[in-house]
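> Sequence plus the predicted model coming up.
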Amino acid sequence: MLHEAKLESPQESIADLVRKMLVALGEDPSREGLRRTPERYEKALKFLTSGCHQNLDSVLNGATFSVHYDEMVVVKDIEFFSLCEHHLLPFFGKAHVAYLPSQKVLGLSKIARLVNMYARRLQIQERMTSQIAEAISEKISPEGVGVIIEARHLCMQMRGVEKQHGQAVTSAMLGSFRHNKQTRDEFLSLVRARQS
């Protein structure tokens, strides 16, 4: 759920606020290199948070199909970019998504769109991982869902601990992925398998 924050002046745009931020940082927003930066930043930020204005039904757009198929469906190495809600710095990486169909399957491209929808928000990796798994579970009621996200966080690499090669891995396992070791192990082995 999105909360509406009250600004001092409801007429201020993101670009206006960025100009004030640049001044607070000791910069001159009228200098050549920064002249259009506030508008560019506003446009970029609106794109990077566009998932806030999307919903599951519009993203899936009816691409659920009744099919008798009971083997694992895996879409791996889905690249994503998101913004950490704690520092407004990027985190990025790959999502691996799998499910065991019951009566329905999802259009494969919709899984990548689903990842994008949740990534294009002010986000934390743990929540994003769960949201993807829960959305698939809600829409097609599969036997189980597994989601693994591997990401690098610039808030950890550029500031704070400054560890350049640190990577965070999160997982969400629902249904048979949680309760059946064989199913979980199959998913993990498929994710680890790399093309030679």
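Cool, the structure landed. Numbers count the residues shown, from 1 in each chain.

> and Phe92, what are its phi and psi?
The phi and psi values for Phe92, taken as degrees, to the nearest 10, are phi -150, psi 160.

> For Gln164, give me the pLDDT.
What the model reports as pLDDT for Gln164 is 70.

> for it, phi and psi?
phi -70, psi -30.

> Do I have it right that it meets Met158?
No - counting by C-beta atoms under 8 Å, Gln164 stays clear of Met158, with 9.2 Å between them. C-betas here are computed from N, CA, C, even on glycine.

> Compare the two (neighbour count), which wins?
Using other C-beta atoms under 10 Å, the more surrounded residue of Gln164 and Met158 is Met158, with 12 against 8.

> tell me the contacts of that one?
Shown in contact with Met158 (C-beta atoms under 8 Å, 6 or more residues apart in numbering): Leu89.

> which helices and strands does the helix-or-strand element of the chain with minimal mean pLDDT pack with?
The helix or strand of the chain with the poorest confidence is helix 154-157; it has a mean of 85 (mean pLDDT, DSSP states H and E). Where contact means 3 or more C-beta pairs under 8 Å, 6 or more residues apart in numbering; DSSP states H and E, helix 154-157 is packed against strand 90-100.

> Following the strand it packs on in sequence, what is the next regular element?
strand 104-106 (DSSP states H and E).

> Which positions within that following strand qualify as buried?
105-106 (16 or more other C-beta atoms under 10 Å).

> From the chain's centre, how far out is that strand? Work that out for me.
In terms of C-alpha atoms, centre = their mean, to the nearest Å, the centre of strand 104-106 is set 21 Å apart from its chain centre.

> neighbouring strands for that strand, and are they parallel or not?
Strand pairing for strand 104-106, determined by DSSP bridges: strand 64-66 (antiparallel).
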